[in-house]
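In: predicted model follows, preceded by the sequence.
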Amino acid sequence: MGECRPAEPPRIRILRITTSPLALWSFFRNMTAFLGEHGFETLAVSSPGQKLDEFHAWAGVPVQAVEMKRRISPLSDLPALWRLWRIVRRYRPDIVHAHTPKAGLLGMLAAWLALVKVRVYTIHGLPLLTRTGWQFHVLRLAETLACKLATSVYCVSHSVRRVVLDLGICPPAKVRTLGYGSCSGVDLQRFDPAACGPADRARVRAQYGIPEDALLAGFIGRIVRDKGIRELAAAWQRLRVEFPNLHLLCCGEFEPQDPVPAEVRECLQNDPRVHFTDGFVADMPPVYAALEVCVLPTYREGLPTVALECGAMQVPLIATRVPGCTDAVRDGVTGLLVEAQSAEALFYAIARLLRDPRLAKEMGRAAREFVRVKFSEEIVFGNVLDEYRRLLRESRSRPGFRERLADVCGALAGLAVFAPLLAAVWMAIRLRMGRPVLFRQFRAGRGGRPFLLYKFRTMLEARDSAGALLPDSERLTRLGRFLRATSLDELPQLWNVLKGEMSLVGPRPLHAEYVARYTPEQRRRLEVKPGLTGWAQIHGRNAIAWERKFELDVWYVENRSLALDLRILAATLGQLLRRDRRGIGNAGHATMPEYLGPPVDPGAEAAR
């Protein structure tokens, strides 16, 4: 007989979408392999191109080509959306993760239409920052919609997150930056100055016709207006005079979108001391090794990869003081920051490092340590893996479309059926206890986020001579006891269910200040929405101790299902019909004593 082996756990499916295939190749090759080693299966989607084919061959994962244009183009966007939706429906991913504005909007819309539970959008940068008029408003609307459709939003840097919040693109609770930022980190073994010797430096210089003894400054990136090429060209005109032995290497290619002015392009291309790689360079470490300084006079960034790569290669960077660059460069320590669109400031910063090679080397060494501590692939990949696992764990406890539909239908039906009863209770409280009729209080919802809970008032606002509220037992009225015994005081929470803050079934919502007192295990009760009734409610309600109540709540979180919810609803209805008043209050209390946290171990307390 053959050996019986345990079945392997099913692999988790990720659909990763980028507008450009170069982004897939540059940022997500190693991450895809890393995730594959940890049980994740990737399908990559981007616009067609050679780099998409190379990504497929290198990573060994399936790819799909969907033409997506960077510019605003409704006529081409609709077919792309249709194709993305069909891919999502066919592949049925556990996570859809989209990057960059166009892929973010189309990817999130396709995933939302296909009812994918985990929809992640990463903001790499904000093109709208350099746009004005109608283009600014259209781009802002597109970003806002992509964030609205996503279940989680991430920014590649903390400074970009601040801009997103300032512009009102996404609410604070929804948008995060993982760790120190970056979408993929830096491979410190590949970008290691010790691995590139004098022969590599000489080879690169010979390849582009640069003398071995020349000073060399480098620009690395797309050669477009937003990268500050106009200012770089203006600064270069002064630098070439100040430093006759200086050459400039531009590693990238001119692009038709956001083009560099014709006179600037002509000036650079006609200069014998300006050299171009004329496109993407696969082997970048030797290029960095050939440089004295690197320059990035950009108008906007997310978190510039070039800043992290040249830092890992111990090359100091002169960049602009814009969001993204301020996260990747420590001004005066790992490089220099200058004001954007200032050719003069750029000139002085480059000249300063060229005149002081010792300072440049010190900054280079500090830059590698800075990148090692904050942006290594190991750190960034670990953050992404942990976040994916957290999102999947939460998604399993998050109600899907059917569960939400059941909550909405149940709440609407309850409000309709109990409308006369609600009106009668309202009038009774108004006549017996006065205003206000409703009791409002912030409670902890899913994830610990506070929400305003509604109940019928059952207590008087009676106070002692010092102005302090009297004990609950003295303030609880006869009408209040009846409402609590019959649970009629909870009926206004149907409105909380309708708003999506609560569910029909779940752990009861407790005071928001209790969240900080929970143990890690007890915090698991916050993984689902609070409910009108729950597993703990039908197993003792307030008659059981806090610790037992939390144990029952966590058991529900781990075992929740539609069948269990129906069972809880049926048991709750049975208790109400039997007028079972047990569990309304804890021993010696009208309701429950305040939860002060887990019991303290006397032995641990003595040892401390």
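Out: Done, it's in.

In: when you work out contacts or count neighbours from here on, use the C-alpha atoms and nothing else.
Out: Noted.

In: wouldn't Leu470 be in contact with Leu476 here?
Out: No: Leu470 is not in contact with Leu476 according to CA atoms under 8 Å; the separation is 9.9 Å.

In: out of these two, which sits in the busier spot?
Out: Each of Leu470 and Leu476 has its neighbours counted (other CA atoms under 10 Å); Leu476 has more, 20 against 15.

In: distance of the closest residue to the more buried one other than its chain neighbours from Leu431?
Out: With CA to CA, 6 or more residues apart in numbering as the criterion, Leu476 has its nearest non-adjacent residue at 4.4 Å, and that residue is Met459. Separation of Met459 from Leu431 (CA to CA, to the nearest Å): 14 Å.

In: these two: who's more crowded?
Out: Ranked by neighbour count (other CA under 10 Å), Met459 and Leu431 place Met459 first, with 18 against 11.

In: and the top helix by length along the chain, C-alpha only, in CSV?
Out: In the chain, with assignment by DSSP state H, the single longest helix is helix 377-397. Coordinates of each C-alpha in helix 377-397 appear next as CSV, following Å, rounded to 0.1, in the frame of the first residue of the first chain:
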residue,chain,number,x,y,z
GLU,A,377,13.4,43.1,0.7
GLU,A,378,13.3,40.9,3.7
ILE,A,379,11.6,43.6,5.7
VAL,A,380,9.1,44.7,3.0
PHE,A,381,8.2,41.2,1.9
GLY,A,382,7.6,40.2,5.5
ASN,A,383,5.3,43.2,6.0
VAL,A,384,3.3,42.3,2.8
LEU,A,385,3.0,38.6,3.8
ASP,A,386,1.8,39.5,7.3
GLU,A,387,-0.7,42.0,5.9
TYR,A,388,-2.1,39.5,3.3
ARG,A,389,-2.6,37.0,6.1
ARG,A,390,-4.3,39.5,8.3
LEU,A,391,-6.6,40.6,5.4
LEU,A,392,-7.5,37.0,4.6
ARG,A,393,-8.2,36.3,8.3
GLU,A,394,-10.4,39.3,8.6
SER,A,395,-12.2,38.5,5.3
ARG,A,396,-13.2,35.1,6.5
SER,A,397,-15.0,36.9,9.4
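
In: give the buried residues for it.
Out: Neighbour-count burial for helix 377-397, counted by 16 or more other CA atoms under 10 Å, picks out 377-382, 384-385, 388, 391-392, 394-397.

In: ok, now which ones touch the residue nearest to Leu476?
Out: Asp472, Arg475, Leu476, Thr477, Gly480 (CA atoms under 8 Å, 6 or more residues apart in numbering).

In: then Arg475?
Out: Per CA under 8 Å, 6+ apart, neighbours of Arg475: Met459, Leu460, Glu461, Ala462.

In: only the buried subset of those, as a PyMOL command please.
Out: Filtering the contacts of Arg475 down to the buried ones (16+ other CA under 10 Å) takes a single PyMOL command:
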select buried, resi 459+460
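
In: show me how far the helix or strand that contains Leu504 is from its chain's centre.
Out: Take DSSP states H and E as the rule and Leu504 turns out to sit in strand 503-505. Strand 503-505 has its C-alpha centroid displaced from the chain centroid by 27 Å (CA atoms, centre = their mean, to the nearest Å).
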